[in-house]
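K.L.:
requesting a structural model of the entry that follows:
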Amino acid sequence: MKHYVGLDVALKTTQICVMDQEQKIVAEAKIETHPEALSQYLFKLGLNYQRVGLETGNLAQWLYTGMAEAGLPIICVDARKIKSFLKLQKVNKNDRNDARGIAKAMHIGTEHAVHMKTIESQRMRSLLAARKSIQIKMNDLKMFVRGNIRQYGMKMDKVSLSMWEARVRELIAGDNFLCMVVEPILVCIRTMRQQVVVLSKEINQITRGDPTCRLLMTCPGVGPVVSLTFKTSIDIPERFANSQTVGAYLGLTPKQNQSGETDKRGRISRAGDIAMRTALVEAAHSMLSRGRACWLKEWALKIKKRTNLFVAAIALARRLAVILHRMWVDKTEFCWEAAPKRAVAA
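P.N.:
Got it, this is the predicted structure:
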């Protein structure tokens with residue numbers, strides 16, 4: 001008989017529900033949240049498992065990898081989708097009922113299963129996220145300094161990154177109190193900038209030694225950060241049968257609301273990987289503002305001429321996603337002279 005398992009994961013313990021093909025509960029337990037402990041419990045039952053499901057979350061990657069290596073048919077489902085499914089059960093929300101609901105979802109099918117990245121991709125995403133996090137905190141501190149000294153009539157105006165700290169010191173030089181307040185923040189910003197350089201060097205070193213990243217960087221506007229972000233976001237290019245779907249996967253296609261004769265299209269869906277979508281839009285802006293002339297830039301500039309910069313950048317970002325995926329699959333460098341037939345249709 002086939003059996004289906006639902007796991008409601010918490011930090012310390014995980015509620016397990018095992019259900020047969022007739023949706024009868026065979027076993028329930030609360031086990032330590034560890035892939036080895038969960039796998040041992042399920043193997044001791046000696047049942048024929050068809051699907052073992054858990055929700056996306058902070059511990060999902062760790063549990064998924066460990067239980068998959070143990071030989072269990074583990075599946076990770078979108079937490080937002082499974083939440084809607086659990087609401088239909090019309091029972092009290094608790095760990096036991098959530099585990100039962102996930103087990104029922106596994107019995108029905110795997111429509112909302114999500115792709116779990118490889119360990120290597122997960123590590124690279126941690127590196128990219130660390131660099132981005134420091135940059136965000138550094139910008140927050142800069143904005144605090146700007147706003148704090150502005151209330152005393154000290155205006156920063158436009159200044160280069162290398163001269164930013166010197167300019168702040170110049171403005172507050174005559175005020176001992178402001179020097180005392182701002183100095184610790186300047187030290188933090190300087191330290192953060194140094195660590196961003198360290199992480200950037202690490203990213204550059206990794207991309208130089210990676211054939212896929214070197215291939216992707218032949219495309220205009222694509223540097224080490226964008227290439228590594230794209231590689232870790234897509235992870236396995238073969239999971240996309242058509243390169244056209246990559247744009248939708250990254251949330252760069254318009255929303256659609258169609259019903260009968262009504263067919264409305266809005267702004268981009270913003271679904272999928274935020275970091276990848278942001279990186280592609282930044283690459284598009286870079287290409288439009290200072291990139292080398294090529295057929296792709298000319299195509300985007302025509303859109304800009306009849307619309308605006310924002311629309312052109314989004315369109316270019318979407319097309320970049322399609323082209324990068326096609327380059328990766330075909331193992332071919334970017335064609336600068338003319339648009340390939342496949343790129344024309346993108």
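
K.L.:
what element comes up after the helix or strand encompassing Ala103 heading to the C-terminus?
P.N.:
Assigned by DSSP states H and E, Ala103 falls within helix 95-108. From helix 95-108 onward toward the C-terminus, using DSSP H and E, the following helix or strand is helix 119-150.

K.L.:
tell me the buried residues in the helix holding Ala103?
P.N.:
95-107 (16 or more other Cβ atoms under 10 Å). Every C-beta, even on glycine, is put in place using the N, C-alpha and C of the backbone.

K.L.:
just the buried positions in stretch 159-173, please.
P.N.:
Buried, per 16+ other Cβ under 10 Å, within stretch 159-173: 164-165, 168, 171-172.

K.L.:
now these as a markdown table including secondary structure and pLDDT?
P.N.:
As requested, these are exported to a markdown table (DSSP: H, G, I helix; E, B strand; the rest coil; pLDDT from 0 to 100):
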| residue | secondary structure | pLDDT |
| --- | --- | --- |
| Trp164 | helix | 92 |
| Glu165 | helix | 93 |
| Val168 | helix | 94 |
| Leu171 | helix | 93 |
| Ile172 | helix | 93 |
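
K.L.:
mind giving me the domain ranges of the chain?
P.N.:
Under the assignment automatic domain parsing, the domains of the chain span 2-108, 119-208, 213-344.

K.L.:
tell me what the helix holding Ala103 is packed against?
P.N.:
If you count contacts as 3 or more Cβ pairs under 8 Å, 6 or more residues apart in numbering; DSSP states H and E, helix 95-108 packs onto strand 2-9, strand 13-20, strand 25-32, strand 48-55, strand 74-77, helix 79-87.

K.L.:
and the contacts of stretch 81-101?
P.N.:
6-8, 10, 15-17, 19, 25, 28, 30, 55, 102, 104-105, 112 (Cβ atoms under 8 Å, 6 or more residues apart in numbering).

K.L.:
now do 6 Å
P.N.:
Outside stretch 81-101, the residues that touch it by Cβ atoms under 6 Å, 6 or more residues apart in numbering are 6, 8, 15, 17, 55, 105, 112.

K.L.:
touching, the fourth one and Glu28? I think so.
P.N.:
So the one you mean is Cys17. Yes: using Cβ atoms under 6 Å, Cys17 makes contact with Glu28 at a distance of 5.3 Å.

K.L.:
more neighbours: those two, which one.
P.N.:
Cys17 (25 against 15; other Cβ atoms under 10 Å).

K.L.:
how far away is the nearest residue to that one once chain neighbours are set aside from His3?
P.N.:
Excluding the flanking residues, the one nearest Cys17 by Cβ to Cβ, 6 or more residues apart in numbering is Ala99, at 3.9 Å. Between Ala99 and His3 the distance is 14 Å, computed by Cβ to Cβ, to the nearest Å.

K.L.:
and for Val182?
P.N.:
Taking Cβ to Cβ, one finds Val182 at 63 Å from His3.

K.L.:
swap in Val26?
P.N.:
Taking Cβ to Cβ, one finds Val26 at 6 Å from His3.

K.L.:
and for Gly147?
P.N.:
59 Å.

K.L.:
among those two, which residue is more densely surrounded?
P.N.:
Higher neighbour count among Gly147 and His3: His3, with 21 against 10, using other Cβ under 10 Å.

K.L.:
can you list phi and psi of the closest residue to that one other than its chain neighbours for me?
P.N.:
Spatial nearest neighbour of His3, excluding adjacent residues (Cβ to Cβ, 6+ apart): Leu47 at 4.4 Å. Main-chain torsions, Leu47, degrees, to the nearest 10: phi -100, psi 170.

K.L.:
what about Leu47, distance to Thr65?
P.N.:
22 Å.

K.L.:
all helices of the stretch 151-300 of the chain, in order?
P.N.:
Assigned by DSSP state H, counting those that start in this stretch, the helices in the stretch 151-300 of the chain fall at 164-172, 176-208, 211-216, 224-234, 245-249, 274-290, 295-306.

K.L.:
export those helices to CSV and tack on distance to Leu324?
P.N.:
Below are the helices of the stretch 151-300 of the chain laid out as CSV (distance: least, Cβ to Cβ, whole Å):
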stretch, distance to Leu324
helix 164-172, 33
helix 176-208, 14
helix 211-216, 6
helix 224-234, 6
helix 245-249, 8
helix 274-290, 8
helix 295-306, 11
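
K.L.:
how many neighbours does Tyr64 have?
P.N.:
Neighbours of Tyr64 using other Cβ under 10 Å come to 21.

K.L.:
give me the most central residue, this structure.
P.N.:
Residue closest to the average C-alpha location in the chain (Cα atoms, centre = their mean): Asp273, at 3.3 Å.

K.L.:
the residue lying closest to it once chain neighbours are set aside: how many residues sit nearby?
P.N.:
Leaving aside its chain neighbours, Asp273 sits nearest to Ser233 (4.7 Å; criterion: Cβ to Cβ, 6+ apart). Counted with other Cβ under 10 Å, the neighbours of Ser233 add up to 23.
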